[in-house]
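Colleague: The sequence and its predicted three-dimensional model are supplied below.
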Amino acid sequence: MDIEIIEMTEKKISFVLKDSTPAMANALRRTLLTDIPKMAIDKVEFHLGPIMVDGREYESITPLFDEIIAHRLGMVPIPTDLQLFSPQNECSCGGEGCPSCTIMYSLNKIGPCTVLSGDLIPLGSPDYKVKDEFIPIVELADGQAVLIYTIATMGTAKTHVKWQAANGAGYKYAANISIDKDRCKHCMKCLSECPKGVFSGDAKMSKVTRPRECTLCLSCERFCEPKAISVTQDDKNFIFKFETDGSMSAETVLKKAMSLLNDRAKAFGKMVENL
Ligand SMILES: [Zn+2]
């Protein structure tokens, strides 16, 4: 099994999973979606009662229910260092909460304003400042204010979607496309009918130039008059793509997924050996 990167940015990746099997491709997809640990806000404490700022009294009230604000804060992508953090129940602190398993933030705003994710101030290292700063949380009117303390902990999407690092994880089978040059009458139908622009060429020759774009719709096969084109799905190579919520890079998430799969395969192997 091997991986060839087609395109990679900080938050997005597409790659070919080579020499693999449909079961492994699906295992990787499921691992990406549900098993990658990340930090997310899990506890939110709202200050109740008046808030004094510069001698003026503000009311601790917003147009939204506290639960909605807490949910919105939970969905804000929190920068996650997988080397540094561990789940709270596995931490050396015994689950009490320490800098290795929790990140604390404060949110202190007075109206009128729109409270944004960037208003979350980490209590500790500035490295944990939220990168996606413009996610709206709540609109405050004049005289309204919020004073909130939150705790982010590590979890996985098996518990709640706020701990889901990878989104839109999916794959397709690669395509084996061949053109029988002896039968091809250069009708160019493959060029005009393929919705993905897989073919290129002229009146003398058609070529497969972008096979990874093929979605196996078989339009080329259907419209090719002398039936010179053959398309089959390649069940050893898979074209994957996913993006992250920004809490980690796409590269980190992919490496973590591969190492989780590797660890599980080894553990399963040991269990079989011990039977
Ligand atoms: Zn701890």
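Modeller: Noted; the coordinates are in hand. These figures come from a predicted structure and were not determined experimentally.
Colleague: Can you give me every residue that contacts V115?
Modeller: Applying C-beta atoms under 8 Å, 6 or more residues apart in numbering to V115 gives the contacts 107, 109, 136-140, 146. (C-beta placed from N, C-alpha, C; glycine too.)
Colleague: How about the residues of the stretch 1-150 of the chain by the ion?
Modeller: Where proximity means C-beta under 5 Å from the ion, the interface of the stretch 1-150 of the chain facing the ion comprises 91, 93, 98, 100-101.
Colleague: hang on, the earlier thing: now the buried members of the contacts of V115.
Modeller: 107, 109, 137-138, 140, 146 (16 or more other C-beta atoms under 10 Å).
Colleague: who does T150 bridge with?
Modeller: Taking DSSP bridges, one obtains V44, Y105 as the residues bridged to T150.
Colleague: mind checking pLDDT for the closest residue to A141 other than its chain neighbours?
Modeller: Among residues not flanking A141 along the chain, G111 sits closest, at 5.1 Å (C-beta to C-beta, 6 or more residues apart in numbering). You'll see G111 listed with a pLDDT of 89.
Colleague: got the contact list for the closest residue to K227 other than its chain neighbours?
Modeller: Distance criterion C-beta to C-beta, 6+ apart; nearest residue to K227, sequence neighbours excluded, is R183 at 6.9 Å. Under the criterion of C-beta under 8 Å, 6+ apart, the contact partners of R183 comprise 226-228.
Colleague: 10 Å instead, please
Modeller: Remark: with contacts taken as C-beta atoms under 10 Å, 6 or more residues apart in numbering, R183 is in contact with 224-229.
Colleague: okay, the contacts of V115 in CSV with secondary structure next?
Modeller: Converted to CSV, those look like this (DSSP: H, G, I helix; E, B strand; the rest coil):
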residue, secondary structure
L107, strand
K109, strand
P136, strand
I137, strand
V138, strand
E139, strand
L140, strand
V146, strand
